[in-house]
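K.L.:
After the sequence you'll find the predicted model.
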Amino acid sequence: MSVIYQRVALIGLGLIAGSMAHAMREQALAGEVTGFARSPETRAVAREIGLCDRICDSAAEAVAGADLVVLAVPVGAMGDVMAEIAPHLAPGATVTDVGSVKQSVIEAVLPHLPQGVHFIPGHPLAGTEHSGPRAGFASLFRNRWWLLTPLPDTDEAALARLDRLVGAMGAKTDRMDPGHHDLVLAVTSHAPHLIAYTMVGVADHLRRVSGEEVIQYSAAGFRDFTRIAASDPTMWRDVFLHNKEATLDILGRFTEELFVLQRAIRMGDGPQLHEYFTRTRAIRRGIIEAGQDTEAPDFGRSPEARPGE
Ligand SMILES: NC(=O)c1ccc[n+]([C@@H]2O[C@H](COP(=O)([O-])OP(=O)(O)OC[C@H]3O[C@@H](n4cnc5c(N)ncnc54)[C@H](O)[C@@H]3O)[C@@H](O)[C@H]2O)c1
Ligand SMILES: O=C(O)C(=O)C[C@]1(C(=O)O)C=C[C@@H](O)C=C1
């Protein structure tokens, strides 16, 4: 691969920025990568592990001369970070973000955007429950979607260049309207996280009644919930506070469906439960057939799709 940006500045040095740093280094996509995080401890770890070519002690220093700046902080911090770096951005630079919510980030960033600097919001649909500067790894984005939500006046050349970087890190790119993005993600990511947090909360509450059995005999389904519910509290607090309407809409629908199933159980309506679960199983199989879950066991995928056979 060849260098796509001469200098990339990563603001916030956690899972996503760290994975970008590793992926860009592996593929030699940037001439130099600088990094800044607010906490001195995070910067110290980032230096110790050589996460970037240069870790700076201020955001201003990190973005000076950068042709790409990546905002990789919790969504509630994006506006303040943009205000801080704005006077130090190079003319013609591109600023992107990786936030899990798009509309509120755009509203927070745009008022601070200097003339001649491009802002292209983005969101990699890839992550783990781990956070911090040690959590990143180069293959995180491989074969995952990275949605770009350009604004109506976005410069096409700047967009194509960012698209190229994201693709070179292994991701598949697509473009989406920011408001639509927030609704889709409320269904596929935000509401599911809240449900996992709640289920683990319920089990924790029960543990106080039933001793350690909830932990000792935790079944695979519940363990999956606990993985999700171990995700970073600051990040997820901000996601819910900044994608409020869409999340509440989906949770309202979720509650209605839950009542339907609850009633079917109470009434002993086996056919209704069976029909419902048959439909949901088809959705899972569709995701796997579309190659969206690379870690899942295969349910009847074609032999060509099974590596090593
Ligand atoms: N974790 C995921 O699964 C995932 C996936 C896709 C997108 N995202 C989004 O990416 C962004 C970063 O998430 P992450 O998982 O890398 O988080 P993380 O917690 O691993 O890292 C966040 C980093 O930002 C730093 N930070 C926080 N506030 C700051 C500020 N005001 N100024 C400078 N640095 C600051 C923290 O010190 C930390 O280094 C978030 O907006 C999140 O919504 C996360
Ligand atoms: O795999 C996980 O741990 C994730 O939850 C990653 C996940 C998701 O919901 O898919 C979480 C938040 C992001 O904004 C994007 C990806």
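P.N.:
That came through fine. Ligands and ions are numbered 1, 2, ... in the order given.
K.L.:
CA atoms of the host helix or strand of H205 as PDB?
P.N.:
For H205, the host element (DSSP states H and E) is helix 191-210. The C-alpha trace of helix 191-210 is given here as PDB (Å, rounded to 0.1, in the frame of the first residue of the first chain):
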ATOM      1  CA  ALA A 191     -30.900  -0.700  22.100                       C
ATOM      2  CA  PRO A 192     -29.200  -4.200  22.200                       C
ATOM      3  CA  HIS A 193     -26.500  -2.700  24.500                       C
ATOM      4  CA  LEU A 194     -29.100  -1.200  26.800                       C
ATOM      5  CA  ILE A 195     -30.900  -4.500  27.000                       C
ATOM      6  CA  ALA A 196     -27.700  -6.400  27.800                       C
ATOM      7  CA  TYR A 197     -26.900  -3.800  30.500                       C
ATOM      8  CA  THR A 198     -30.400  -4.300  32.000                       C
ATOM      9  CA  MET A 199     -30.200  -8.100  31.900                       C
ATOM     10  CA  VAL A 200     -26.900  -8.200  33.700                       C
ATOM     11  CA  GLY A 201     -28.300  -5.700  36.200                       C
ATOM     12  CA  VAL A 202     -31.300  -8.000  36.800                       C
ATOM     13  CA  ALA A 203     -29.000 -11.000  37.400                       C
ATOM     14  CA  ASP A 204     -26.900  -8.900  39.700                       C
ATOM     15  CA  HIS A 205     -30.000  -8.000  41.700                       C
ATOM     16  CA  LEU A 206     -31.000 -11.700  41.800                       C
ATOM     17  CA  ARG A 207     -27.500 -12.700  43.000                       C
ATOM     18  CA  ARG A 208     -28.200 -10.900  46.200                       C
ATOM     19  CA  VAL A 209     -31.100 -13.200  46.700                       C
ATOM     20  CA  SER A 210     -29.800 -16.500  45.300                       C
END
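K.L.:
Show the average pLDDT along that helix.
P.N.:
Averaged across helix 191-210, the pLDDT comes to 87.
K.L.:
Buried ones in that helix, by neighbour count?
P.N.:
191, 193-197, 199-200, 203 (16 or more other Cβ atoms under 10 Å). All C-beta spots, glycine's among them, are computed from the backbone N, C-alpha and C.
K.L.:
And for stretch 43-57?
P.N.:
For stretch 43-57, the neighbour count (16+ other Cβ under 10 Å) marks 43, 45-46, 51-52, 55-56 as buried.
K.L.:
And stretch 116-128, by the same measure?
P.N.:
Neighbour-count burial for stretch 116-128, with 16+ other Cβ under 10 Å as criterion, is recorded at 117-127.
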